[in-house]
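Participant: The sequence isn't on hand, but the structure is:
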């Protein structure tokens with residue numbers, strides 16, 4: 001039961017000693033299958049071939065911006081993210097060291113201990129790989145280590161791949177905000193997911209077990225991630 005105040009009204013649990021969380025700056029985080037590093041302006045040349053080729057426009061469908069039209073526009077896009085102060089953007093390298101993905105900490109609320117992982121853009125060589133899963137694990141572990149209480153994942157409710165990825169990683173579906181956003185001239189319902197600090201130890205244990213060498217010989221899973229949570 002919830003505690004009550006002096007008027008007999010239910011209120012949330014007290015948080016004695018709570019202090020705001022540090023800003024989630026990222027240093028290099030290296031795993032077995034990937035490397036996560038802060039986005040810098042010089043990454044544009046590496047990322048352009050992986051994320052903005054002639055066949056890559058579909059990767060951008062559910063992002064807030066369209067794929068840049070050319071290399072110069074892509075460099076401007078990377079420059080803007082690298083210089084932003086309201087988010088933390090990282091580059092994901094695969095096991096071969098190729099820079100082929102981006103992700104962001106967004107909606108950083110240090111006072112309440114909440115942060116969103118979003119703006120995820122994975123090149124084709126990174127999709128459905130151990131490297132992609134490990135990158136998401138490293139990014140989640142970082143914020144919970146810093147003391148954050150809530151880790152959010154939000155996406156267009158029509159983005160079935162993103163919804164499935166959130167559920168696979170152990171996020172809990174919280175509901176859909178109807179007509180929440182207008183972007184690219186269209187309406188978006190937004191699906192909300194989260195992991196909270198009480199849940200993270202079990203989610204981390206499942207991810208650790210899934211990423212173990214015994215489960216991923218040659219990068220091919222022997223057991224699904226969901227099976228480690230059951």
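Facilitator: Yep, that arrived. Just so it is clear, the model here is predicted, and its values are computed rather than measured.
Participant: any idea where the strands of this protein begin and end?
Facilitator: 29-30, 35-38, 88-93, 99-109, 114-122, 150-156, 172-183, 186-196 (DSSP state E).
Participant: list the helices and strands the fifth one packs on?
Facilitator: Translated: strand 114-122. Secondary-structure packing of strand 114-122 (3 or more CB pairs under 8 Å, 6 or more residues apart in numbering; DSSP states H and E): strand 99-109, helix 130-145, strand 150-156. For the C-beta atoms, the positions are set from N, CA and C on the backbone; glycine is no exception.
Participant: Over to the fourth one?
Facilitator: In this structure, strand 99-109 makes packing contacts with helix 43-51, strand 88-93, strand 114-122, helix 130-145, judged by 3+ CB pairs under 8 Å, 6+ apart.
Participant: Flag every buried residue along it.
Facilitator: Neighbour-count burial for strand 99-109, counted by 16 or more other CB atoms under 10 Å, picks out 99, 100, 101, 102, 103, 104, 105, 106, 108.
Participant: One more: the last one?
Facilitator: Residues of strand 186-196 classed as buried by neighbour count (16+ other CB under 10 Å): 188, 190, 191, 192, 193, 194, 195, 196.
Participant: Am I right that the first one is in contact with residue 159?
Facilitator: No: Residue 188 sits out of contact with residue 159 when judged by CB atoms under 8 Å, with a separation of 9.4 Å.
Participant: neighbours around the residue nearest to residue 192 when sequence neighbours are not counted, how many?
Facilitator: Nearest-residue entry for residue 192: residue 174, 4.4 Å, with adjacent residues in sequence omitted and distances by CB to CB, 6 or more residues apart in numbering. Residues contacting residue 174 under the criterion other CB atoms under 10 Å number 13.
Participant: Same question for residue 41.
Facilitator: 13.
Participant: swap in residue 78?
Facilitator: 26.
Participant: ok, residue 68 to residue 75 distance?
Facilitator: 8 Å (CB to CB, to the nearest Å).
Participant: ditto for residue 114
Facilitator: In terms of CB to CB, residue 114 sits 32 Å off from residue 75.
Participant: picking that back up, show me the one of the helices and strands packed on strand 114-122 that comes nearest residue 40.
Facilitator: Closest of these to residue 40 is strand 99-109, at 10.6 Å (criterion: CB to CB).
Participant: relative to strand 150-156, how tilted is the closest one?
Facilitator: Relative orientation of strand 99-109 versus strand 150-156 (axes from the mean of the first three to the mean of the last three CA atoms, to 10 degrees): 120 degrees.
Participant: distance between strand 99-109 and the chain's centre?
Facilitator: Strand 99-109 has its C-alpha centroid displaced from the chain centroid by 6 Å (CA atoms, centre = their mean, to the nearest Å).
Participant: what lines up beside it in the sheet?
Facilitator: strand 88-93 (antiparallel), strand 114-122 (antiparallel) (DSSP bridges).
Participant: quick one: contacts of that strand?
Facilitator: 23-24, 26, 39, 43, 46-47, 50-51, 81, 86-94, 114-123, 125-126, 132, 135-136, 139, 143, 152 (CB atoms under 8 Å, 6 or more residues apart in numbering).
Participant: Make a PyMOL selection of the buried ones in those residues.
Facilitator: Buried subset of these, written as a PyMOL selection, criterion 16+ other CB under 10 Å:
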select buried, resi 24+26+39+43+46+47+50+51+81+87+88+89+90+91+92+93+94+114+115+116+117+118+119+120+121+122+123+126+132+135+136+139+143+152
